[in-house]
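Engineer: with the input below, show me the fold.
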Amino acid sequence: MNTDAPWPTLEEAEARVLGIQVKLHQWATDSPQRRFCDLFNLVCDPAFLTVAWARVRGNRGARSAGVDGVKPADILFGSATVLPLLRENLKAGRFVPLPVRERMIPKASGKLRRLGIPTAMDRCVQASMKLVLEPVFESDFKPCSYGFRPRRRPHDAIAEIHMFATHGYTWVLEGDITACFDEIDHTALLDRVRHRIGDRRIVGLVKAFLHAGVLSEDGVRRETKTGTPQGGLCAAAHNPPYEQRWVMHSVDPSTLVKVGVGVERCT
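Structural biologist: So this is what the prediction gives:
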C-alpha cells in the first residue's frame, strides 16, 4: 500500500480509509488466526489521519482541552498545519502521548466517575489507531455482542431480547464488571492485542497510551499502572475488542448467575 501519497481531501480520505478497512476486515474474517504485522504505516497515512482529525473535531469533546490547554475546535486547517508535523513525529518515533487531564463527573448514584481528557493530538492518533484496528477485531465478535461496536447500539440489544422473549425464552441475565475501565490489567490487555497484531510499533503505541499517566484536578500527576481512562477514544477501542471478548469466551457458564447483578424472568 502506498502511504506516501499527497494529503487528500476529506472525501477522498474517507473513500480510501473505507476501502482499506473493508480489506482488513475481510482478511481478518478469512483467517481468524492471522496476525497483522504491517499496520503502523496506515496509522501514519495521510488519509487515516485526515479522517481521524475530522472525527476528533466533530466530536462533542472538541471543546475540551487536554493538559496542553489546546481545544481541537480551536485548531483550524489541521490537515495543512498540525497533521503533517504529527505524521512526521509518528514516523520518526518522536511521538509521545501526554498525560490525560482528569475531570470528576457526578454519577446518578451520587458517586464520581473519573473522566480522562487526552490532548488534541493524542486524540487524533487514537482515532487513527481505531480506524486501523477496529476492522480487524470486529471480525472476532459474536453476532450477540453490541457494546461499543460500529452501527450497533443498546436499542439493538433490547430488540433482540424482545425477539427471544417472543420465542419462548423467559429469563434475562444482567451482569456487570465492577470498575472495568479502572481495573483492566495492562499486561493481559497487551497480550490480547498481540494475539491479532504483530506490528510492534502498534503495540508500542497502545502501551504508551496506557502508561501516559493522569494529571488530576489538583495538579498531581499519577502513574497509570492499571486501567484505561474513560474519555479518550482508546477507552472504547481498548475495552471491547480485547477485554469484553476475552471475558465472554473464557467465563464458565455455570458461574454466570453467581456473578450477575440481576436475573429476571420475563412475564
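Engineer: where does this structure dip in pLDDT?
Structural biologist: Under the criterion pLDDT under 70, the flagged ranges of the chain are 1-5, 231-267.
Engineer: remind me, longest helix of it?
Structural biologist: helix 10-30 (DSSP state H).
Engineer: tell me which strands and helices that one is in contact with?
Structural biologist: In terms of contacts (3 or more C-beta pairs under 8 Å, 6 or more residues apart in numbering; DSSP states H and E), helix 10-30 is packed against helix 46-58, helix 120-138. Where C-beta positions appear, they are placed from N, C-alpha and C, glycine not excepted.
Engineer: which other residues reach stretch 122-132?
Structural biologist: 17, 21, 24, 39, 42-45, 48-49, 51-53, 55-56, 59, 61, 66, 72, 78, 83, 86, 90, 95, 97-98, 100, 118, 202, 205-206, 209, 212, 232-234, 236-237 (C-beta atoms under 8 Å, 6 or more residues apart in numbering).
Engineer: tell me where the stretch 101-250 of the chain has helices.
Structural biologist: Assigned by DSSP state H, counting those that start in this stretch, the helices in the stretch 101-250 of the chain fall at 120-138, 154-165, 180-183, 186-196, 200-210, 233-238, 245-250.
Engineer: quick one: which of those is nearest Thr224?
Structural biologist: Of all the helices of the stretch 101-250 of the chain, helix 200-210 sits nearest to Thr224, with 6.4 Å by C-beta to C-beta.
Engineer: buried residues in that closest one?
Structural biologist: Residues Arg201, Ile202, Val203, Leu205, Val206, Lys207, Phe209, Leu210 are the ones in helix 200-210 that count as buried (16 or more other C-beta atoms under 10 Å).
Engineer: switch those residues over to a markdown table; also include distance to Val132.
Structural biologist: What follows is those, written out as a markdown table (distance: C-beta to C-beta, whole Å):
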| residue | distance to Val132 |
| --- | --- |
| Arg201 | 11 |
| Ile202 | 8 |
| Val203 | 13 |
| Leu205 | 10 |
| Val206 | 11 |
| Lys207 | 16 |
| Phe209 | 14 |
| Leu210 | 17 |
